[in-house]
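J.: quick one, fold the following:
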Amino acid sequence: MKTFRLIFVLLAVFLIAFPSLAGAQTAQQAEAVPNVTGMKATEAQRMLIQQGWKAGMEYRTVSDPKQDGTVLGTKPPAGTRVSKQQVVILVAGKLTDQSRVPNVTGMPLAEAQKALVANKLNARVIRENTADPGKNQVVLKQLAAPGTSLAPGSTVPVVVGVHTAPAQVKVPYVTGKPLAEAQKILIDNKLNAQVTHQPVAESHRNGVVIGQKVAVGTPVSPGSMVPVVVGQYTPPARVNVPNVTGKPLADAQKILVDNKLNAQVTHQPVVEPQRNGIVLGQKVAVGTPLAPGSMVPVVVGQYTPPAMTPVPSLMGMKADAARQNLEKQGWKVNVQERPVTDAQQSGAVVQQSPPPGTKVQQKNQPVTLYVGKAPERVPVPQVAGMKLQEAQAVLSKARLNAQVSTQPVAEPQRNGVVLGMKVAAGTPVAPGTMVPLVVGEYKAPAAIPLPSVKGMKIDQARQMLEQQGWKIETLRMVQKDASMNNIVLQQAPAAGTQSVPQQTTVRLTVGIYTPQTTGGQVHDNRQQPLNPPIVPDSVLMPDTVGKSLADARQAVGSRGLSANRIVVHERAVSDPKLAGGVVRSQKPAAGASVPYKSSSPIELWVDIYKKPS
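T.: Below is the predicted model:
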């Protein structure tokens, strides 16, 4: 009686929930209810659900333990042809009055609750977010295993999926864009492109979106497919196969791609390394017309290098022994000398190339042995006092090099002259050694305005000018006024003239008072003019270096010095380019103070070309 009442309640609930099933059954295709009698109830229920049936569970008290949890029969009976939309009730045996937990995993929540109620159980719903909209309000799992015995009225925890639709996005405008760009725009907007192609006659429309089937601005779910129509251009003409034989594979592939063809590569062993990666031949004749995109078979050389052998160590061995050792092992040997400072290394291997242990192709790689050689020594020549260029030439001839440092000098004639050597002349050094030279460097001082000293006492004027670096010449002029004695009457150059103090001589005309004679008579100046010609005490020697001999004589004469004082020294040179009568040096030096009335010689050294005998 209990069983009948339970079945009636289940059928009533079922018909209320699905009122259309009765009428729709005839419209559905009827199938025979499978025979699951004798199977375990949970396995039978799972099998029916997998076959598309809706399966419920009903338990009947049994006394035989073998019938516990076993299907005793079905409603409708096995073999009855009904629609799969109709619920098939599995009648299972149970020993006690307890309820068995049915399998509700994968059922919609409402159906799962009905199945549990039909078994005198209740559902405790635990909700869990799911990204799959198809699992919304569907039982994802049950926390009490199917077939578990529970007291009637017990609660069975079930986990139910909850899908929340994401915010919608608007379809962007991609018409006229290249497909790759359109796909990027859609992906950036969380959408995907569903591409269909449409033939086009214009090549520039190939791969370009020519239409989209969802209107711009339409709101859709993220991840939706947006149908786009992309132009597909098919060129009508064929292309001729180009000649790629003898080309490196990369070049050959580029040539084929440029001709809208592709390379189908096979390799063939070669013994020459230079043929590695080179196209040896092509299996489609040059000039053959093919459809664009066709594969052109090419044969490419593949070189496999011979085995690599480590280079043995010969370090420290005598050269002959090292050579014999290598040649016995089949190596090619080169020997080069290298200077060493340690006498014990003379004649021994101090370096080898390739280094010991390097793996190389013994057949193709010679071994170079560097054998120590005691260094050669050469004496450092004397170059102090020479011009730098001449000193460098002397050092170069001695197989040495100049290491130049400069030192300021005040005399222009010492500019570029070697003032000293930091390695003493005659010191033995190795060829190629750097010899430190100190070379004079003259920098012309800046020009300043010449101050006015006219009207000043000569001592005061001299002190003022000398403190500023000016050179001074004094000329005397007889004065009748005693107050003008030792007073600067004139100066040349004039005050304010822009000049370099160290290079400029200021000529000062100084008054000299001649006192009256005894008896109050005035000194008779009739035999001597009041202002006789002014004769300087000294003049500055002009710079004649680099001038022709004629110009040098004129420069000396311009200072009022007698040409009879000039002594010319001729130096014979064999190179006409170095001759030409040009003054190479002078004495006194340029800028030196020369006594005006002295008969001391002015010496000039001049290069004269003499043809070698």
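J.: packing partners for the host helix or strand of Leu48?
T.: Take DSSP states H and E as the rule and Leu48 turns out to sit in helix 41-50. Of the remaining helices and strands, those touching helix 41-50 by 3 or more C-beta pairs under 8 Å, 6 or more residues apart in numbering; DSSP states H and E are strand 54-61, strand 87-94. (C-beta placed from N, C-alpha, C; glycine too.)
J.: Glu31: which of those is closest?
T.: Glu31 sits nearest to strand 87-94 of all these, at 10.7 Å, using C-beta to C-beta.
J.: and the next helix or strand past that closest one?
T.: Downstream of strand 87-94, the next assigned helix or strand under DSSP H and E is strand 99-100.
J.: show residues contacting that following strand.
T.: With contact meaning C-beta atoms under 8 Å, 6 or more residues apart in numbering, strand 99-100 is reached by 41, 57, 59, 69, 92, 94, 119-121, 147-152, 154.
J.: can you report how many residues lie near the residue lying closest to Val510 once chain neighbours are set aside?
T.: Spatial nearest neighbour of Val510, chain neighbours left out: Ile458 (4.9 Å); criterion: C-beta to C-beta, 6 or more residues apart in numbering. For Ile458, the count of nearby residues is 18 (other C-beta atoms under 10 Å).
J.: I'd like the numbering to begin with 274 instead of 1 from here.
T.: Sounds good: first residue 274 from here, last item Ile731.
J.: got the contact list for the residue nearest the centre of the chain?
T.: Central residue of the chain (C-alpha atoms, centre = their mean): Ala523, 25.2 Å from the mean position. Residues counted as contacts of Ala523 (C-beta under 8 Å, 6+ apart) are Gly550.
J.: what residues are up against Ser586?
T.: Counting by C-beta under 8 Å, 6+ apart, Ser586 makes contact with Gln625, Pro629, Gly630.
J.: using pLDDT, spot the least trustworthy of those.
T.: Ranked by pLDDT, these bottom out at Gly630 (85).
J.: ok, which stretches of the stretch 774-886 of the chain are helices?
T.: For the stretch 774-886 of the chain, the helices defined by DSSP state H, counting those that start in this stretch cover 822-831.
J.: which residues of it score low on pLDDT?
T.: 789-809, 846-854, 882-886 (pLDDT under 70).
J.: and the host helix or strand of Asp732, what's its mean pLDDT?
T.: Using DSSP H and E, Asp732 falls within helix 731-740. For helix 731-740, mean pLDDT is 89.
J.: what do you get for stretch 491-503?
T.: 91.
J.: pull out the buried residues from it.
T.: Judged by neighbour count (16 or more other C-beta atoms under 10 Å), stretch 491-503 contains these buried residues: Val493, Ser497, Val499, Val501, Val503.
J.: all helices of this protein, in order?
T.: Remark: helices assigned in the chain by DSSP state H are 275-290, 294-297, 314-323, 382-391, 452-461, 522-531, 592-601, 661-670, 731-740, 822-831.
J.: turn those helices into CSV, including distance to Tyr786.
T.: CSV is the format used below for the helices of the chain (distance: least, C-beta to C-beta, whole Å):
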stretch, distance to Tyr786
helix 275-290, 151
helix 294-297, 154
helix 314-323, 147
helix 382-391, 140
helix 452-461, 107
helix 522-531, 104
helix 592-601, 95
helix 661-670, 54
helix 731-740, 13
helix 822-831, 32
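J.: that older thread, which of the buried residues of stretch 491-503 fall in strands?
T.: Filtering the buried residues of stretch 491-503 for membership in strands, criterion DSSP state E, returns Val493, Val499, Val501, Val503.
J.: can you list those in TSV and add distance to Asn759?
T.: Listed next are these as TSV, based on distance: C-beta to C-beta, whole Å:
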residue	distance to Asn759
Val493	114
Val499	112
Val501	112
Val503	111
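J.: and which of those is nearest to Val473?
T.: Distances from Val473 to those, taken by C-beta to C-beta, are shortest for Val503, at 9.2 Å.
J.: wait, doesn't the closest one sit right on Val473?
T.: No - using C-beta atoms under 8 Å, Val503 makes no contact with Val473, being 9.2 Å away.
J.: list residues touching both of those two?
T.: Shared contacts of Val503 and Val473, defined by C-beta under 8 Å, 6+ apart, are found at Ile483.
J.: what about the strands in the stretch 724-873 of the chain?
T.: Taking DSSP state E, counting those that start in this stretch as the criterion, the stretch 724-873 of the chain contains strands spanning 744-752, 761-765, 771-772, 778-786, 811-813, 839-846, 856-860, 866-868.
J.: the third one pairs with which strands, and in what direction?
T.: In this case it means strand 771-772. strand 721-722 (antiparallel) (DSSP bridges).
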